[in-house]
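Novice: Need a 3D model of the following:
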Amino acid sequence: MEIYLIRHTTPLIKKGLVYGRMDVPLAASFSAEKEHILEQIPAVLDIVYSSPSFRCKVLAAEISPVYQMNTALYELNFGDWEGDTWDKVDRAECETWMNDFVNLAPPNGETMLGMQQRVMAFWTELLQQPYQQVAIVTHGGVIRIILANQQNIALKDSFNLKIAMGEVFKLSIP
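Specialist: Numbers count the residues shown, from 1 in each chain. Okay, the predicted model is just below:
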């Protein structure tokens, strides 16, 4: 199975915005970024999955109008911090979370461990399907979790994996 992990294109946001689950508009560069992505994936795919987030659904619809949304592909839920900028988040709470983001969640948010469990449950189910070519339009955090799993990188070290906006990762799974 060939799986194309595709990060959404550049959002139009103010610098430092916390926007894991929050819907945000796309930057004017969307068309150019989309064309670059389309050049990297097959014209015909067995299935296209997308996060329910607007920034992913728009791109997924351009790849295939019959894409399937899956909530397992959402970005990390930053809870009460969503919509704030990082400089407005309580410094002490943020430092506590950053020191153990795998096991601790932002207030009313989600832990990375919890996110990993939902993403890997989706991944395990996907690998049991008969598809040959699959595209997944999602977020940097989801891609990071899958790549860390494939490369045996601990979740706490997964932020060493750099995932650019609009980047495509091709995985060949036997």
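Novice: Is Thr96 part of a helix or strand, or is it coil?
Specialist: Following DSSP: H, G, I helix; E, B strand; the rest coil, Thr96 is assigned to helix.
Novice: Hmm, Ala105 and it touching each other?
Specialist: No. Using Cβ atoms under 8 Å, Thr96 is not in contact with Ala105, being 10.7 Å away. Where you see a C-beta, it was placed from the backbone N, CA and C, and this is true even at glycine.
Novice: So which of those two has more stuff around it?
Specialist: Using other Cβ atoms under 10 Å as the criterion, Thr96 and Ala105 rank with Ala105 on top: 18 against 13.
Novice: quick one, what contacts the residue nearest to Asn149 when sequence neighbours are not counted?
Specialist: Closest residue in space to Asn149, ignoring its immediate chain neighbours: Met120 at 6.4 Å, by Cβ to Cβ, 6 or more residues apart in numbering. Residues in contact with Met120, defined by Cβ atoms under 8 Å, 6 or more residues apart in numbering, are 145-146, 149.
Novice: closest to Ala61 among those residues?
Specialist: Set against Ala61, the nearest of those by Cβ to Cβ is Ile146 (22.1 Å).
Novice: Give me the pLDDT value at that closest one.
Specialist: As summarised for this prediction, Ile146 has a pLDDT of 98.
Novice: Glu93 falls within a helix, correct?
Specialist: Yes. Glu93: assigned to a helix according to three-state DSSP.
Novice: For it, grab the count of nearby residues.
Specialist: Other residues near Glu93 come to 14 when the count uses other Cβ under 10 Å.
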